[in-house]
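Peer 1: Need a 3D model of the sequence below.
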Amino acid sequence: MQQILTILTNKPLTSSVYEMTLSGNTDKITGPGQFVNFKLLGLYLRRPLSICDYGKNYLKVIYKVVGKGTEQMSKMLPGEQLDVLLGLGNGYDLTVDTKKPILLGGGVGTPPMYNLCKKLKELGKSVTVILGFNTKEEVFYEEEFKQIVDKVIIKTADGSYGEKGFVTSDFSHEYDYVFTCGPEPMLKAVYNTTTTSGQYSFEERMGCGFGACMGCTCKTKYGNKRICKDGPVLVKEEIIW
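Peer 2: Prediction:
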């Protein structure tokens with residue numbers, strides 16, 4: 001659904017990562033793991049961004065400045081408006097049978113873990129969160145997660161903060177299901193390290209964002225799927241590397 005949303009806040013979390021909160025009609029967002037598509041001035045393709053958090057009439061996204069689109073977003077001010085396609089993708093399935101899920105987020109794969117964490121906690125689950133970053137300077141949202149659950153572990157590749165290593169390093173945690181989002185090498189490592197079923201959120205270049213252009217099609221064990229429409233969340237058992 002297309003909506004015009006108004007920026008409430010737009011602030012840096014690190015030197016290159018920003019958090020933007022917007023107000024407007026968010027009724028079409030149905031669950032954690034979905035994404036939105038922003039139309040930006042002078043750019044032909046919309047910019048897809050995962051949803052960090054949402055509620056009645058508000059939306060929060062976290063984005064990393066990596067190109068013209070996100071650079072333009074970082075300079076936008078409260079009161080400005082954005083044309084947004086809402087409620088895209090399938091999101092995470094919360095009806096799965098799990099009591100002790102583990103959430104693994106890597107870098108800018110961290111944002112969708114936040115609302116997912118809130119929803120799982122509301123369902124009475126015992127949640128463990130592991131977030132991976134390259135360095136201390138890149139860490140964000142640690143305290144926000146700790147306000148929801150006690151089991152929050154930060155990993156940095158260079159060991160400058162938290163535990164040294166990746167989200168799959170020294171993996172001896174008690175869990176019965178996996179939810180994850182991050183770069184593909186991380187997702188593959190999670191796939192190879194964990195022993196239970198799980199749901200994996202993939203990133204892919206998108207043209208339309210709603211399944212019409214077929215540009216983000218990938219192969220699965222159950223046939224071709226479009227990451228934007230049939231994903232971005234795939235279950236472990238259908239993934240082909």
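
Peer 1: What are the buried residues along stretch 177-185?
Peer 2: 177, 178, 179, 180, 181, 182 (16 or more other C-beta atoms under 10 Å). Glycine gets a C-beta too; all of them are placed from N, C-alpha and C.

Peer 1: start to end distance for that stretch?
Peer 2: One end of stretch 177-185 sits 20 Å from the other (C-alpha to C-alpha, to the nearest Å).

Peer 1: ditto for stretch 52-72
Peer 2: Stretch 52-72 has an end-to-end distance of 20 Å (C-alpha to C-alpha).

Peer 1: now swap in stretch 141-150 and tell me
Peer 2: End-to-end distance for stretch 141-150, by C-alpha to C-alpha: 14 Å.

Peer 1: Mean confidence (pLDDT) on that stretch, please.
Peer 2: The predicted model assigns stretch 141-150 a mean pLDDT of 97.

Peer 1: what's the answer for stretch 51-64, then?
Peer 2: Average pLDDT, stretch 51-64: 97.

Peer 1: now that stretch: how far from the chain's centre is it?
Peer 2: Mean C-alpha position of stretch 51-64 versus that of the full chain (C-alpha atoms, centre = their mean, to the nearest Å) differs by 11 Å.

Peer 1: Take the buried residues of stretch 177-185 and lay them out in CSV including distance to residue 72, secondary structure and pLDDT.
Peer 2: Output for the buried residues of stretch 177-185, formatted as CSV (distance: C-beta to C-beta, whole Å; DSSP: H, G, I helix; E, B strand; the rest coil; pLDDT from 0 to 100):
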residue, distance to residue 72, secondary structure, pLDDT
177, 38, strand, 98
178, 35, strand, 98
179, 31, strand, 98
180, 30, strand, 98
181, 24, strand, 96
182, 25, coil, 94
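
Peer 1: tell me which of the residues you listed is nearest to residue 76?
Peer 2: residue 181 (24.7 Å; C-beta to C-beta).
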